[in-house]
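Student: structure, please.
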Amino acid sequence: MSFTIQNVLIPIDRSYETVDVQIEDEKITAIEPQLQVSGTAIDGKNKLLLPGFVNAHTHSSEMWQRGLIPPVPLELWIAELYDFSPLDPEQVYLSALGTAVETLLSGGTSVVDHLVLIPGRELETVAAAVRAYREVGIRAFIGPLIQDESLSAGMPAGESEKNHEPYFRSTVATLDLMAEVVSQFHRPDEGINILVAPTGIQLCSDALFEGCIELSDRHNLCRHAHLLETKAQKQLAQEKYGCSAVEHLKRIGYLSDRTSLAHCVWLNDTDIAILAETQSTVVHNPLSNLRLGSGIAPILKYRQAGVNVTFGCDGASSNDSQDLLEAIKIGSILHNITDPDYRHWIAPGQAVEMASLGGAKGLNLAEQLGSITVGKKADLVLYDLTSLSLLPRTDPIGLLILGRPTEAVNFVWVNGKQIVADGKVKTIDVDSLRQELFNRSQWDVHRKSQTVPAIEAHYRAVMGL
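Tutor: Numbers count the residues shown, from 1 in each chain. As a prediction, this is how the structure comes out:
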């Protein structure tokens with residue numbers, strides 16, 4: 001796996017430089033003009049080389065519901081999702097393949113999959129996703145989505161007294177399951193990483209969070225969770241803890257430089273200071289936050305406070321896409337309306353760094369990934385600057401981030417292995433995948449959830465609607 005990318009454009013500070021980039025044994029070994037070719041020569045002329053981005057929060061199995069659920073808030077959307085979740089590991093496998101392919105073809109080389117588990121078939125679910133990510137060759141971080149409280153516990157009680165049904169699996173059994181998942185599937189040297197990933201404060205007890213902390217420390221695993229995605233969750237945290245969710249997570253020890261937190265929409269200044277102090281990472285999911293009406297996360301405040309921020313697509317039925325470049329664009333320019341001081345706005349080069357190095361930091365891999373640096377792993381993406389969507393020749397990164405790139409990804413390498421060549425995924429048959437996804441689904445716009453009406457009535461009451 002030795003190769004040299006010749007005469008390629010790379011960003012240098014606020015400009016660009018044409019160089020050769022040499023890769024040997026999975027790592028970048030040299031970055032200079034006119035290097036002696038080692039292994040295969042790759043023509044980089046009229047192309048831009050960037051570090052691979054991280055799709056830092058998604059739920060791959062939601063692919064089966066994308067485009068199906070109407071515009072409703074998260075608390076109602078999730079009730080519909082639970083009704084329609086796939087119950088077949090083969091569907092999990094196919095949707096993970098699709099998530100990986102879409103991520104690769106939009107500049108991503110790593111994916112964080114907050115994986116929804118099939119009840120009673122949890123290990124099969126993880127095995128199906130692992131098989132898919134291995135076959136494609138993307139770097140995968142799988143966080144089985146776990147909880148130990150029932151769905152009704154995820155909303156504030158308000159004025160009502162609510163008794164929640166116990167969750168079908170105990171806290172101890174859930175932690176035992178996670179220990180088994182780690183034992184069977186955590187293989188970072190092979191590109192498969194397991195995270196501890198309780199869904200969030202809304203559906204998890206302190207005992208589950210604390211068990212995850214212990215498992216994380218014992219195996220040096222990263223931690224992941226949703227955090228304060230909606231106003232209802234902020235209200236719920238006050239009911240449960242008498243303080244903010246961020247203060248509570250700090251108190252129990254969940255926040256750290258190995259912790260990434262999806263959404264983070266409803267945080268105050270004290271919360272932001274805590275995230276900076278604990279070196280926790282915020283994963284910005286702008287498209288799902290807009291689609292579900294959750295709000296606009298105060299990303300510019302996070303950046304000014306020194307909080308590490310990166311981007312995620314979120315699941316393919318709350319977005320309903322896995323186009324990482326789209327998420328980065330919206331996640332950058334959305335904040336031009338939240339702060340009139342344009343000096344705080346996110347420039348295209350900063351967005352690239354957030355999506356690459358920011359994502360690596362959130363996974364505790366900044367020393368190995370996230371920049372074109374000698375000694376780092378060769379997770380690289382080559383963009384074709386002759387693509388119509390990247391013309392005329394102005395600022396390549398400006399066009400990539402602020403434009404609407406189509407068919408711009410030319411080559412992708414993960415750990416030095418070529419996964420995409422000439423815009424096509426090499427490792428799997430994408431036409432067969434497309435056919436399988438078509439055959440296993442149907443147009444079904446009239447199906448209605450049976451669980452939403454009761455949940456909707458309570459939601460409207462506690463939110464004053």
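
Student: what about the helices in the stretch 301-450 of the chain?
Tutor: 324-333, 348-353, 359-362, 396-402, 430-439 (DSSP state H, counting those that start in this stretch).

Student: give me the distance from the first one to the chain's centre.
Tutor: Think helix 324-333. 13 Å (CA atoms, centre = their mean, to the nearest Å).

Student: outside of that helix itself, list whatever touches it.
Tutor: 53, 55, 103, 106-108, 284-287, 290, 299, 311-313, 319, 346, 348, 350-352, 354-355, 400-405 (CB atoms under 8 Å, 6 or more residues apart in numbering). Quick note: C-beta positions are derived from backbone N, CA and C, even for glycine.

Student: now the stretch 1-150 of the chain, which segments are flagged as low pLDDT?
Tutor: 84-86 (pLDDT under 70).

Student: could I get the full set of strands for it?
Tutor: 3-12, 15-24, 27-32, 40-43, 47-51, 53-58, 108-115, 139-144 (DSSP state E, counting those that start in this stretch).

Student: who does the shortest one pair with, and is each partner parallel or antiparallel?
Tutor: Translated: strand 40-43. Note on strand 40-43: by DSSP bridges, its sheet partners are strand 3-12 (parallel).

Student: of the contacts of helix 324-333, buried ones?
Tutor: Buried residues within the contacts of helix 324-333, counting neighbours by 16 or more other CB atoms under 10 Å: 53, 55, 103, 106-108, 284-287, 299, 311-313, 319, 346, 348, 350-352, 354-355, 400-403, 405.

Student: the stretch 101-250 of the chain: helices as residue ranges?
Tutor: In the stretch 101-250 of the chain, the segments counted as helices under DSSP H, counting those that start in this stretch are 122-136, 171-185, 206-219, 231-241, 245-252.

Student: who wins for proximity to residue 64 among these?
Tutor: Proximity to residue 64 (CB to CB) singles out helix 122-136 among the helices of the stretch 101-250 of the chain, at 13.1 Å.

Student: in that closest one, what's buried?
Tutor: 122-123, 125-134, 136.

Student: next: stretch 429-449.
Tutor: Buried, per 16+ other CB under 10 Å, within stretch 429-449: 430, 433, 436-437, 441, 449.

Student: then stretch 198-207?
Tutor: 198-206.

Student: wait, what's in contact with the residue nearest to residue 287 when sequence neighbours are not counted?
Tutor: Closest residue to residue 287 apart from its sequence neighbours, by CB to CB, 6 or more residues apart in numbering: residue 319 at 4.7 Å. Contacts for residue 319 (CB under 8 Å, 6+ apart) come out as 66, 285, 287-288, 291, 313, 327.

Student: state the pLDDT value of residue 319.
Tutor: Looking at residue 319, its pLDDT is 92.

Student: separation between it and residue 288?
Tutor: 5 Å (CB to CB, to the nearest Å).

Student: overlap in contacts of these two?
Tutor: Contacts common to residue 319 and residue 288, judged by CB under 8 Å, 6+ apart, are residue 313.

Student: chain center to stretch 66-75: distance?
Tutor: 19 Å.

Student: buried sites along that stretch?
Tutor: Buried, per 16+ other CB under 10 Å, within stretch 66-75: 66, 68-69, 72-75.

Student: okay, the helices of the stretch 301-450 of the chain in JSON lines with mean pLDDT next?
Tutor: Putting those into JSON lines (pLDDT from 0 to 100) gives the following:
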{"stretch": "helix 324-333", "mean pLDDT": "98"}
{"stretch": "helix 348-353", "mean pLDDT": "98"}
{"stretch": "helix 359-362", "mean pLDDT": "98"}
{"stretch": "helix 396-402", "mean pLDDT": "97"}
{"stretch": "helix 430-439", "mean pLDDT": "96"}
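
Student: looking at these, which is closest to residue 229?
Tutor: Nearest to residue 229, of the helices of the stretch 301-450 of the chain and by CB to CB, is helix 324-333 at 14.9 Å.

Student: run the angle between that closest one and strand 53-58 for me.
Tutor: Counting by axes from the mean of the first three to the mean of the last three CA atoms, to 10 degrees, helix 324-333 lies at 80 degrees to strand 53-58.
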